[in-house]
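Peer 1: kindly generate the corresponding structure for this input.
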Amino acid sequence: MALLPGMRAPAPGFDEPLEMLYACHGRIQDQIATLEKLVPHLARAGCDQAAQEAARAVMRYFDSAGAHHHQDEEEDLFPLLRRYAGERGRADVLGALDNLALEHRTMDEVWARIRARLAEIAEARSPRLDIEQVAHFAWLYRRHIMREEALAFGFAAEVLAPAERAALGARMAHRRGAKAK
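Peer 2: Next up, the predicted model:
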């Protein structure tokens, strides 16, 4: 089916777990862009309705889908990849997976500080969002996404058998309270 201008392709389902993880990266980038736009908006308009709604939307995303995404990787995908990397002598992949997991911790710490500010914005208590913190968060995530897609997802596409992908998708669905095909 050809897509008309302005239409998005349907999101991948749990039967395509790697594609779902890629798609999640796109949504993370969208939320980061919203955060970046929120900084000058707050300077211009303060905690208006649009700022409050944007703050709530970003919090909702990172508190649910964003958290699930990290769990999908650390609890399900990375352990599989570690096994294959060990079996194949891929020290580069093992090192990358360790670094990616550490980056998740760093991003979570920065997110906690930004989230506290967003909660104040959502409740119209403070129109302040630290531009340096937002820029640092955006940089961390964008760099992380590039590395993860190149190293982890590329290796996953190489080594995971269809049955392993199906099991990964089922665990991802279960985490979200959905049913996998």
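
Peer 1: can you give me the pLDDT of Arg90?
Peer 2: The predicted structure scores Arg90 at 96 on the pLDDT scale.

Peer 1: begin at 24 from now on, thanks
Peer 2: All set: I'll call the first residue 24, so the last point we hit is now Arg113.

Peer 1: for it, give me phi and psi.
Peer 2: phi -100, psi 80 (degrees, to the nearest 10).

Peer 1: do the same with Val81
Peer 2: Dihedral angles for Val81 - degrees, to the nearest 10 - are phi -70, psi -40.

Peer 1: contact partners for it?
Peer 2: The contact partners of Val81, taken as Cβ atoms under 8 Å, 6 or more residues apart in numbering, are Gln54, Thr57, Leu58, Leu61, Leu141. For the C-beta atoms, the positions are set from N, CA and C on the backbone; glycine is no exception.

Peer 1: not counting sequence-adjacent ones, nearest residue to it?
Peer 2: Excluding the flanking residues, the one nearest Val81 by Cβ to Cβ, 6 or more residues apart in numbering is Gln54, at 5.2 Å.

Peer 1: same for the longest helix seen in the chain, what does it pack against?
Peer 2: The helix spanning the most residues in the chain, taking DSSP state H as the definition, is helix 114-145. Helix 114-145 sits against helix 40-68, helix 72-86, helix 88-94, helix 101-110, helix 154-170, with contacts defined as 3 or more Cβ pairs under 8 Å, 6 or more residues apart in numbering; DSSP states H and E.

Peer 1: looking at the ones you listed, which is nearest to Ala147?
Peer 2: With Cβ to Cβ, the closest approach to Ala147 among the helices and strands packed on helix 114-145 belongs to helix 72-86: 6.0 Å.

Peer 1: please compute how far that closest one lies from its chain's middle.
Peer 2: Counting by Cα atoms, centre = their mean, to the nearest Å, helix 72-86 is centred 16 Å from the centre of its parent chain.

Peer 1: kindly report the same for stretch 153-169.
Peer 2: 12 Å.

Peer 1: mind listing what's buried along that stretch?
Peer 2: The neighbour-count check on stretch 153-169 (16 or more other Cβ atoms under 10 Å) flags Gln156, Val157, His159, Phe160, Ala161, Leu163, Tyr164, His167, Ile168 as buried.

Peer 1: would you turn those residues into a markdown table with pLDDT and distance to Gly118?
Peer 2: Shown next, in a markdown table, are the buried residues of stretch 153-169 (pLDDT from 0 to 100; distance: Cβ to Cβ, whole Å):
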| residue | pLDDT | distance to Gly118 |
| --- | --- | --- |
| Gln156 | 97 | 28 |
| Val157 | 98 | 29 |
| His159 | 98 | 24 |
| Phe160 | 98 | 24 |
| Ala161 | 98 | 25 |
| Leu163 | 98 | 18 |
| Tyr164 | 97 | 20 |
| His167 | 97 | 15 |
| Ile168 | 97 | 18 |
